[in-house]
Each structure stands twice: as structure tokens, then as C-alpha cells.
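In: whatever this is, show me its structure:
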Amino acid sequence: MAKLKLKIYGRLVLIVLVFLFPVMTLAVSDLIPCDGPQGIDGVVCDFGKIFGDAGLVAKVIDYTIKFIITPLATIAILYAGIRLVWFGDRPEIKTAMKNLLWTVGLGMVLVFSAYLIVQTIVTSLADDSEAPGRAALQVFD
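Out: Numbers count the residues shown, from 1 in each chain. I've put the predicted structure just below:
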């Protein structure tokens, strides 16, 4: 019975990935802001294009948080909530789902905290002003 479930879940994950992967790759088409060091279409890749506000690093971080981590956390929270409602009378499932909710919540706090720290550093590196604290304050605007 366990092998049958594993086979079914494996095929389901494969089907979801086959349909989801092309959608995710199309969403990333404008991720890279330049055409290399020489620039094919006249767009030269410099420090600002990589570390700027709309640069490569910022786009990769935004994409990862918005389109990968947040949906996965939402799915995990929904899964834990549904299992908690359906099988909440069994103490082992109740404990496991509460632990899952706490883990996902802590993970999201860590992810958004890291996002804030990285965004502050990236903005500070790309800022042209002389005062290093000005770029850090722009994160909160």
C-alpha cells in the first residue's frame, strides 16, 4: 500500500512539474538585465545593472521570495491546517501539524528578515550618495 501511494505521489509531482516548469521559465524571461560585459544590443553589464535597485541580484531575490518561497509556505500552511481540522482528534497528527505550522512560520520570518538585510546591503552598494545610511533608510519607503 505504501509503495502504491509513493508511486501515485511521484507521478503527481512529475505531472505538476511538467506543467509548472514552463510557466516558471516564461516568468523569468526578463530576469537578466544585460547582454554580457560587451553588450550585444548596446546594453552594457556594469555594477549598477547587477547590484542596482532593478539589477540581477534584486530580481533573483524578488523572484525567489515572491514566486517560490511564499507559494510553498502557503501550500504547507494549507496542508497543515486541513490535516489539523480533519485529523485533529489524533494527538500524534495534531502535534506534527502544529510543529509544521511553527516551522513554516519561523522559516517565513527568517526569509523575510534575510530579505530585508540583503535588500539593505544591495541598496547600500548601489547607492551613489556619499552617506551610507541614506540607502538603508530607503528600504523602509
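In: give me the low-pLDDT residue ranges for the chain?
Out: By pLDDT under 70, the weakly predicted segments of the chain are 21-44, 47-48, 52-53, 122-123, 126-141.
In: break it into its domains for me.
Out: Using automatic domain parsing, the domains assigned to the chain come out as 1-29, 31-138.
In: which residue ranges of this protein form helices?
Out: 2-27, 47-51, 56-64, 70-86, 91-126, 132-138 (DSSP state H).
In: reformat the ones you listed into a markdown table and put mean neighbour count next to each item.
Out: For glycine as for every other residue, the C-beta is placed from the backbone atoms N, C-alpha and C. Shown next, in a markdown table, are these (neighbours: other Cβ atoms under 10 Å):
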| stretch | mean neighbour count |
| --- | --- |
| helix 2-27 | 10 |
| helix 47-51 | 15 |
| helix 56-64 | 15 |
| helix 70-86 | 13 |
| helix 91-126 | 14 |
| helix 132-138 | 13 |
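In: doesn't Tyr79 make contact with Leu101?
Out: No. If you go by Cβ atoms under 8 Å, Leu101 and Tyr79 don't touch, sitting 9.9 Å apart.
In: in PDB, list the C-alpha atoms belonging to stretch 92-107.
Out: Only the C-alpha atoms of stretch 92-107 are listed here, as PDB (Å, rounded to 0.1, in the frame of the first residue of the first chain):
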ATOM      1  CA  GLU A  92       0.300  12.500  17.000                       C
ATOM      2  CA  ILE A  93      -1.100  14.200  13.900                       C
ATOM      3  CA  LYS A  94      -2.100  17.300  15.900                       C
ATOM      4  CA  THR A  95       1.400  17.600  17.300                       C
ATOM      5  CA  ALA A  96       3.000  17.000  13.900                       C
ATOM      6  CA  MET A  97       0.900  19.600  12.200                       C
ATOM      7  CA  LYS A  98       1.400  22.200  15.000                       C
ATOM      8  CA  ASN A  99       5.200  21.600  14.600                       C
ATOM      9  CA  LEU A 100       4.800  22.100  10.800                       C
ATOM     10  CA  LEU A 101       2.900  25.400  11.300                       C
ATOM     11  CA  TRP A 102       5.600  26.600  13.700                       C
ATOM     12  CA  THR A 103       8.400  25.600  11.400                       C
ATOM     13  CA  VAL A 104       6.800  27.300   8.400                       C
ATOM     14  CA  GLY A 105       6.100  30.400  10.400                       C
ATOM     15  CA  LEU A 106       9.700  30.600  11.700                       C
ATOM     16  CA  GLY A 107      11.000  29.900   8.200                       C
END
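In: no more questions from me, cheers.
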